[in-house]
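Q: Sequence below, structure please.
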Amino acid sequence: MRKALYIAIFLFAGAGLKASDGPIRLLSLKYFNTSYSSELGMTFFTGYVRSPMMTKVYEIDQTRAYPLPVYTWVYPLGILSYEPKLRLLEFGSANSLTLNLPIAAGLSVVQAVDANRTTYDPNASEIPNVFGPDEWSERSGVLGTGHLEFGGLIGYNLGQNATVENTWPIGVNISAGYNFIYAPIAMTTGEDRSDYADVAFWNHIVGKVGLDFGVVGIAHMFGLNTEEVLYEPRGLGTNASVNTRIYHRFMMTIHIGK
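A: Here you go, the predicted structure:
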């Protein structure tokens, strides 16, 4: 689906440049109803989120401590999003720049782990020398469920839904900006939320590409600042790495308003 999305965007690019002739209009509060639209998004089992490195835990080998990066991952079962769009500039009848303000809530499984995929327990890992190779203990079960997202993106829109006047059968939208994640919403029974405050909130620089076919469409939101974290596992004698700050979400969309 991602390849089809990008091919369609390239095919539309030439037509968009040709259609940009016409008056340039700025956002007007007087005619706000013609400068505002919104989009509903639905994701089912096609998303994955991994935070940046949030903290470290340590493995002890005799007198040496080996720091391991800790991150939080989110696996969404379903996400419902709402994205208001304000047309800041319109170029002719087929092009516009918008301020997009997406918010989303997900039914998801949330876990905090280290680079060895061992579950993170701040009560056991706060001080490097409180455990050793024979004293390692994992937190049982997932950290919690549910997550929230909110962000701000600048978007370029071409064709359908770019302006009120446009009558093209297909539209393309490309945007980029920041997206913030808060997870989990509900903690697993027995866990204290304050203990996990350091691993519960982070941000991603994201891009988003979408195709509109009338009222419905498809879109892909993806992270632009994936990070590779190097660490030295105990007993390996060489560096290893883990990719963090990952974001991917495919969605079906429904356009609301013109």
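
Q: Can you mark which positions in stretch 72-86 are buried?
A: Neighbour counts over stretch 72-86 (16 or more other C-beta atoms under 10 Å) mark 72-76, 79, 81, 83-86 as buried. From N, CA and C alone the C-beta is placed, and that goes for glycine too.

Q: Show me those that map onto helices.
A: Using DSSP state H, no member of those sits in helices.

Q: closest to residue 23 among the residues you listed?
A: Residue 23 lies nearest to residue 86 out of these, by C-beta to C-beta, at 18.7 Å.

Q: Please report how far that closest one lies from residue 205.
A: Relative to residue 205, residue 86 is positioned 21 Å away (C-beta to C-beta, to the nearest Å).

Q: And residue 88, by the same measure?
A: For residue 88 relative to residue 205 (C-beta to C-beta), the value is 20 Å.

Q: what do you get for residue 139?
A: Counting by C-beta to C-beta - residue 139 and residue 205 are separated by 30 Å.

Q: Who has more neighbours out of these two?
A: Legend: neighbour count by other C-beta atoms under 10 Å for residue 139 and residue 205, higher for residue 139 (21 against 15).

Q: Please report the distance of the more buried one from residue 41.
A: Distance from residue 139 to residue 41, counting by C-beta to C-beta: 33 Å.

Q: Likewise for residue 208?
A: From residue 208 to residue 41 the distance is 10 Å (C-beta to C-beta).

Q: Equivalent analysis for residue 65, please.
A: The gap separating residue 65 from residue 41 is 44 Å, by C-beta to C-beta.

Q: Show me which of the two is the more surrounded one.
A: residue 41 (23 against 15).

Q: partners of the helix or strand where the more buried one lies in the sheet?
A: Residue 41 is part of strand 36-44, with elements assigned from DSSP states H and E. According to DSSP bridges, strand 36-44 forms sheet pairs with strand 64-91 (antiparallel), strand 246-256 (antiparallel).

Q: quick one: buried residues of the shortest one?
A: So the one you mean is strand 246-256. 246-247, 249-251, 253, 255-256.

Q: closest to residue 200 among those residues?
A: Comparing the buried residues of strand 246-256 against residue 200 with C-beta to C-beta places residue 247 closest, at 16.2 Å.

Q: ok, and the closest non-adjacent residue to the closest one?
A: Excluding the flanking residues, the one nearest residue 247 by C-beta to C-beta, 6 or more residues apart in numbering is residue 223, at 3.5 Å.

Q: surely that neighbour meets residue 208?
A: No. Between residue 223 and residue 208 there is no contact, the gap being 10.8 Å when judged by C-beta atoms under 8 Å.

Q: So those two - more neighbours on which side?
A: Taking other C-beta under 10 Å, residue 223 and residue 208 do not tie; residue 208 has more neighbours (23 against 19).
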